[in-house]
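Novice: Below is the structure, and that's it, no one-letter string:
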């Protein structure tokens, strides 16, 4: 059974809200992470390495998930 456009529109809005809240919650840690690392005895180098590692892993996983999505045909 096909859903009508109203149901699809509601699903898109709901997914948008969930995506926004997910991004918001994962990015809330970034302003306090350097202070936390410093309180544990970390240096500026360790703060930079952790930030760079986080960005590198994120980029790698985006490329990998895009490749897998293309291979399986699921988008």
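Specialist: All right, it came through fine. Computed from a prediction, not measured in an experiment: that's the story for all the values here.

Novice: What about residue 28? Give its phi and psi, please.
Specialist: phi -70, psi -20 (degrees, to the nearest 10).

Novice: typed the wrong thing, it's residue 31
Specialist: phi -70, psi -30.

Novice: per-residue pLDDT, it?
Specialist: Residue 31 is assigned 89 on the pLDDT scale.

Novice: ok, it - contacts?
Specialist: Residue 31 makes contact with no residue under the criterion Cβ atoms under 8 Å, 6 or more residues apart in numbering. (Glycine included, C-beta is placed from N, CA and C.)

Novice: Then residue 50?
Specialist: Residue 50 neighbours (Cβ under 8 Å, 6+ apart): 33, 37, 42.

Novice: what about 10 Å?
Specialist: Contact partners of residue 50, counting by Cβ atoms under 10 Å, 6 or more residues apart in numbering, are 33, 34, 37, 42.

Novice: In ChimeraX, select just the buried ones from those.
Specialist: In ChimeraX, this line selects whichever of the contacts of residue 50 come out buried by 16 or more other Cβ atoms under 10 Å:
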select :34,37,42
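
Novice: can you give me the helices in the chain?
Specialist: Remark: helices assigned in the chain by DSSP state H are 5-27, 33-39, 44-72.

Novice: most tightly surrounded among these?
Specialist: Of all those, helix 33-39 has the most neighbours on average by mean count of other Cβ atoms under 10 Å, namely a mean of 13.

Novice: what's it packed up against?
Specialist: In terms of contacts (3 or more Cβ pairs under 10 Å, 6 or more residues apart in numbering; DSSP states H and E), helix 33-39 is packed against helix 44-72.

Novice: by how many degrees do the helix it packs on and helix 5-27 diverge?
Specialist: 160 degrees (axes from the mean of the first three to the mean of the last three Cα atoms, to 10 degrees).

Novice: pLDDT of helix 44-72, averaged?
Specialist: Average pLDDT, helix 44-72: 93.

Novice: hmm, back to that, tell me which of the contacts of residue 50 is nearest to residue 16?
Specialist: residue 33 (26.6 Å; Cβ to Cβ).

Novice: who are the neighbours in contact with that closest one?
Specialist: Per Cβ under 10 Å, 6+ apart, neighbours of residue 33: 42, 47, 50, 51, 54.
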